[in-house]
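Chemist: everything below, folded, please.
(one chain, ligands or ions: 1)
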Amino acid sequence: MRSLRQLGWGTLRLRLTLWYVLIVGLSLLIFSGYLYLQLERSLIAQTDVELRLAYAQAVADLEDEDGNNPGSFPNTEDYQNIARHLSQASFGVRIITSQGKVVDGFGKYRELPTWVPQVSGYATVTAGRTDWRLYSNQIKTGNRLSVYWLQVGQSLSSVKEILASLYEQILLGLPLVLLLTGLGGLFLASRALRPINRITQTAQAISANDLTRRIGYQGSADEVGRLAITFDRMLNRLQAAFNRERRFTADASHELRTPLTAIKGRISVTLSRARTALEYENTLLALEHEVDRLIRLSTDLLFLARLEQGFLRFSRSTLVLSDLLDTILEQAQPLAEMRHITLIEDIASGLSIYGDLDCLIRLFLNLLDNAIKYTPVGGEITVQATAQGSNICVAISDTGPGISPEHLPHLFERFYRVEADRSRSTGGAGLGLAIAWEIAYAHGGTLSVQSQLGAGTTFTVRLPVDG
Ligand code: ADP
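Modeler: Take a look at the predicted model:
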């Protein structure tokens, strides 16, 4: 036997339809029950009004001059007219004693069930298969010792018939309505879930090697539309991340290969013939330089990987930022002097921040290092630090060549270097700014850049005071 799933009954579709039918069924059942009870009440209330009217007619002219009832119905022509009229309207009217003995009556009074009331009022009494509605009231007689009741009754069979017919209609109509509801529910659920099927098919067709496919939903921006759009956006992000990872692997291999090829070449040349001790020493010094570069590269990569995966343990404390920047500038001073670059300090005093000392030194040193590296001889570098609300803003501006706008959006990507620097074998690997950005981000801050070709560049670090 084929399972429901094989039959194409997406279980959600089936579940939605069943829930729908169940809720409609329950609502209809409650509503029908309410309707039934309401109708029963109002039909009985209507019978009661009729009984009351019949009673009023039956009791009229029953009393003698003293206001007493004789214990039987008068034999006058007027009263016989009333009796005939009430009999035709299928009432039973009788006078009974407190022991239930029928003294007199007319209409269907013989069919009325024997029932002696305790108090005046209405009652429903069952006799055999028929229900009767009775209205009883005590009547005064000349004889104080005997108590008489005047009772007017009517069969409730017509009420029962109306109710039975309603019950039948409910019983027949309910399954029909539920069937229609089920079909309607199925249609609605299929319609609503159709775009989801398309999303599923697209998701199934997407493999790690082809992240270019999109759902391209064209319908209205309802819940399903938003799901499709969110899915497409997620694919965009995944594709971007995937491309970044691929580029990263290619760049990292390339950066590792360059020094390794240089080392290999140097060793081959040195080994090609016998060398003097001085020549061997020179070769080793050259190799040391390349190995240093490799160590720097792998340390940077490790740092970035740990930072990104959250494995890096920060030892945060409250730091006086003004003092920290002073120390970093002091360290950079000799390098700047060598290139006749003027370092200008504009640091507000008493700025403090909650962060990791080593990481923050690394962040500012990277930026200052770049500024010195790219500022021509005789240029100027300004380090400005100010408090801006709950943030501290540090701007490092130089009078270097500037960076053209097309590079700015990629500057903080790993291994990204401006074209002109790529050919330089002495330059960094393009990780400095990526590391600086990650450190600022890990401290809840931002790193941004403004640059104008020929005028200089400003890197701005914005860090929250509380880290
Ligand atoms: P690297 O370690 O190779 O310098 P970075 O990530 O620090 O790499 O910098 C990436 C690129 O940004 C560099 O190749 C350089 O062209 C550019 N750059 C960084 N700082 C400056 C600056 N102050 N002025 C001009 N260009 C800069």
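
Chemist: by mean pLDDT, which helix or strand of this structure comes out lowest?
Modeler: helix 419-422 (a mean of 59; mean pLDDT, DSSP states H and E).

Chemist: tell me which helix or strand comes right after that one.
Modeler: helix 432-442 (DSSP states H and E).

Chemist: mind listing what's buried in that following helix?
Modeler: Residues G432, L433, A434, I435, A436, W437, E438, I439, A440, A442 are the ones in helix 432-442 that count as buried (16 or more other C-beta atoms under 10 Å). The way it works is simple: take the backbone N, C-alpha and C, and place the C-beta from them, glycine included.

Chemist: what is the nearest of the residues you listed to S158?
Modeler: A442 (85.7 Å; C-beta to C-beta).

Chemist: quick check: residues of this structure near the ligand?
Modeler: Neighbours of the ligand within the chain, by C-beta under 6 Å from any ligand atom: 370-371, 374, 398, 400, 403, 411, 416-418, 421, 427-434, 457.

Chemist: before we move on, back to that, report the two of the buried residues of helix 432-442 separated the most.
Modeler: Longest distance between any two of the buried residues of helix 432-442 is 16.0 Å, between G432 and A442; criterion C-beta to C-beta.

Chemist: need the strands for the stretch 301-450 of the chain, in chain order.
Modeler: 316-320, 342-347, 352-356, 380-388, 391-398, 446-452 (DSSP state E, counting those that start in this stretch).

Chemist: export these to TSV and tack on mean pLDDT?
Modeler: Compiled in TSV, those are given as follows (pLDDT from 0 to 100):
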stretch	mean pLDDT
strand 316-320	89
strand 342-347	93
strand 352-356	91
strand 380-388	94
strand 391-398	95
strand 446-452	95
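
Chemist: could you dump those to JSON lines with mean neighbour count?
Modeler: Listed next are those as JSON lines, based on neighbours: other C-beta atoms under 10 Å:
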{"stretch": "strand 316-320", "mean neighbour count": "14"}
{"stretch": "strand 342-347", "mean neighbour count": "14"}
{"stretch": "strand 352-356", "mean neighbour count": "21"}
{"stretch": "strand 380-388", "mean neighbour count": "17"}
{"stretch": "strand 391-398", "mean neighbour count": "21"}
{"stretch": "strand 446-452", "mean neighbour count": "17"}
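
Chemist: ok, the residue of the chain found nearest the ligand - contacts?
Modeler: The nearest approach of the chain to the ligand comes at G428, 2.3 Å away (C-beta to the nearest ligand atom). By C-beta atoms under 8 Å, 6 or more residues apart in numbering, the residues touching G428 are R417.

Chemist: redo that, cut-off 10 Å
Modeler: Applying C-beta atoms under 10 Å, 6 or more residues apart in numbering, one finds that G428 lies in contact with E255, R293, R296, L297, D300, N366, D369, N370, K373, F415, R417, D421.

Chemist: what of T382?
Modeler: T382 touches 342-346, 371, 395-399, 456, 458, counting by C-beta under 10 Å, 6+ apart.

Chemist: pull the number of nearby residues for the residue lying closest to D61 once chain neighbours are set aside.
Modeler: What sits nearest to D61 in space, not counting adjacent residues and going by C-beta to C-beta, 6 or more residues apart in numbering, is Y79, at 5.7 Å. For Y79, the count of nearby residues is 17 (other C-beta atoms under 10 Å).

Chemist: doesn't Y79 belong to a helix?
Modeler: Yes. Counting by DSSP: H, G, I helix; E, B strand; the rest coil, Y79 is part of a helix.

Chemist: quick one, what contacts it?
Modeler: The contact partners of Y79, by C-beta under 10 Å, 6+ apart, come to Q57, A58, A60, D61, L62, F73, F106.

Chemist: now those residues: which count as buried?
Modeler: Among the contacts of Y79, those buried by neighbour count (16+ other C-beta under 10 Å) are Q57, A58, L62, F73, F106.

Chemist: helix/strand/coil for the last one?
Modeler: By that I understand F106. Applying three-state DSSP to F106 yields a three-state assignment of strand.

Chemist: low pLDDT regions in the stretch 301-450 of the chain?
Modeler: For the stretch 301-450 of the chain, the stretches with pLDDT under 70 are 419-427.

Chemist: try it again with 50
Modeler: 425-426 (pLDDT under 50).

Chemist: which among the contacts of G428 end up buried?
Modeler: Taking 16+ other C-beta under 10 Å as the criterion, what is buried in those is E255, R293, L297, D300, N366, N370, K373, F415, R417.

Chemist: the first one: which element?
Modeler: With elements taken from DSSP H and E, the one containing E255 is helix 223-271.

Chemist: the third one now?
Modeler: Counting by DSSP H and E, the element that carries L297 is helix 277-309.

Chemist: from the contact counts, what lies against that helix?
Modeler: Helix 277-309 sits against helix 223-271, helix 357-374, helix 432-442, with contacts defined as 3 or more C-beta pairs under 10 Å, 6 or more residues apart in numbering; DSSP states H and E.

Chemist: and it, which residues are buried?
Modeler: For helix 277-309, using 16+ other C-beta under 10 Å, the buried residues are T283, L287, E290, R293, L297, D300, L301, F303, L304, L307.

Chemist: then stretch 12-23?
Modeler: R13, L14, L16, T17, Y20, V21.

Chemist: then stretch 31-40?
Modeler: Within stretch 31-40, the residues that count as buried by 16+ other C-beta under 10 Å are S32, E40.

Chemist: again, but for stretch 241-253
Modeler: Those buried within stretch 241-253 under the rule 16+ other C-beta under 10 Å are F248, D251, A252.

Chemist: same check, this time on stretch 178-198
Modeler: Those would be L178, T181, G182, G185, L186, A189, P195, I196, for stretch 178-198 by 16+ other C-beta under 10 Å.

Chemist: contacts for it?
Modeler: Counting by C-beta under 10 Å, 6+ apart, 8-10, 12-25, 28, 200, 215-219, 222-225, 227-228 sit against stretch 178-198.
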